[in-house]
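>>> Got a predicted structure plus its sequence, pasted below:
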Amino acid sequence: MTDKPTVAVSLATDAALADEIAEVAAITFPLACPPHSPPEAIRGFIEHNLSPTQFRNYIADDAAAVLIATDGSGVIGYCLVLHRDPPDPDVAAVVVGQPVSEVSKMYVLPDHHGAGASHALMDAAIDVATDHHSEVLWLGVNNENVRAQRFYAKKGFARVGTKTFNLAGVIEHDYVLSRQLTEPAVNTRAN
Ligand SMILES: CC(C)(COP(=O)(O)OP(=O)(O)OC[C@H]1O[C@@H](n2cnc3c(N)ncnc32)[C@H](O)[C@@H]1OP(=O)(O)O)[C@@H](O)C(=O)NCCC(=O)NCCS
């Protein structure tokens, strides 16, 4: 019997990892797209948003955390956390807190689904957002991506709204999910 290699999750700080992360991103992004997504839109999104340059920039950005899951074979999944106000007004209307963090990307190679790597990545994302003192961690998930929705529900996220997602010119529909990290501030002043 062979033991499964141990999965480790860490913060990517070395820009040299960007190429390997971009490779995993290119393999896994299509898995999150609904079946009707045009292949050229998927390819366009990968080219413009998931390039090694983009990941080098995220690794260097203090307002971003690139978390990677690795086993003996290299990077098997990654998660991008962004510390910023929600740029989309539909999200800002339902994700209330100051500051907040976003799980912008959560992707694991298909051979490693259902084996815990995604849970370790999300636990690390929650830790990163908590260390940032974020009140809320939020994310968007395609409304047809039932597997991811089930995973997020298991990790304590609940649906709070909807938004659209521009997939290289094709408008897709997402659920907005959030998880409270700290108690909302209470206004104790008497009126
Ligand atoms: C989303 C992702 C990170 C979740 O990690 P995972 O290891 O697959 O998560 P888990 O296996 O722990 O949980 C998935 C749940 O969906 C269930 N599931 C699997 N296939 C399913 C399907 N086709 N329809 C509905 N549920 C499904 C699993 O049984 C499991 O639920 P259970 O634990 O109650 O049985 C991973 O699947 C992934 O990388 N997917 C491709 C990229 C993606 O969609 N990323 C999210 C973008 S928002």
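Received, thanks.
>>> who in the chain is up against the ligand?
28, 31-32, 106-108, 113-114, 118, 141, 145-148, 150-151 (C-beta under 6 Å from any ligand atom). All C-beta atoms are positioned from the backbone trio N, CA, C, and that covers glycine.
>>> let's see 5 Å
The chain comes close to the ligand at residues 31-32, 106-108, 113-114, 118, 141, 146-148, 150-151, as judged by C-beta under 5 Å from any ligand atom.
>>> now, which of these lie within strands?
M106, Y107, V108, V141 (DSSP state E).
>>> Isn't the third one up against L31?
No. With contact defined as C-beta atoms under 8 Å, V108 does not count as touching L31 (9.1 Å).
>>> So for the two, which residue has more residues nearby?
V108 (25 against 14; other C-beta atoms under 10 Å).
>>> If we ignore the residues flanking it in sequence, what's nearest the more buried one?
G77 (3.4 Å; C-beta to C-beta, 6 or more residues apart in numbering).
>>> Let me know the helix or strand that the one you found is in.
strand 74-83 (DSSP states H and E).
>>> And that strand, what does it pack against?
On a contact count with 3 or more C-beta pairs under 8 Å, 6 or more residues apart in numbering; DSSP states H and E, strand 74-83 meets helix 18-28, strand 64-71, strand 100-108, helix 117-131.
>>> pretty sure T28 is touching Y107, no?
Yes. Applying C-beta under 8 Å as the test, T28 and Y107 come out as touching, 3.8 Å apart.
>>> where do the contact lists of these two overlap?
G77 (C-beta atoms under 8 Å, 6 or more residues apart in numbering).
>>> Between those two, tell me which one has more neighbours.
It is Y107, of T28 and Y107, that has more neighbours when counted by other C-beta under 10 Å, with 23 against 20.
>>> With D90 as the reference, measure out to the more buried one.
Look at Y107 and D90: by C-beta to C-beta, to the nearest Å, they are 23 Å apart.
>>> now K155
For K155, the distance to D90 - C-beta to C-beta - is 22 Å.
>>> Pick out whichever of these two has more residues nearby.
Taking neighbours as other C-beta under 10 Å, K155 and D90 compare with K155 leading, 20 against 15.
>>> and the more buried one, how far is that from A148?
Between K155 and A148 the distance is 10 Å, computed by C-beta to C-beta.
>>> Isn't S73 up against P5?
Yes. S73 is within contact range of P5, at 7.3 Å (criterion: C-beta under 8 Å).
>>> residue contacts, A120?
A120 makes contact with V7, V9, A69, according to C-beta under 8 Å, 6+ apart.
>>> Please repeat the previous calculation with a cut-off of 10 Å.
V7, A8, V9, L67, A69, G77, C79, V108 (C-beta atoms under 10 Å, 6 or more residues apart in numbering).
>>> A153 reaches L177, doesn't it?
Yes. Contact criterion C-beta atoms under 10 Å: A153 and L177 qualify, at 8.2 Å.
>>> From the chain's centroid, how far away is the host helix or strand of V9?
Assigned by DSSP H and E, V9 belongs to strand 8-11. Put simply, strand 8-11 sits 15 Å off its chain's centre (C-alpha atoms, centre = their mean, to the nearest Å).
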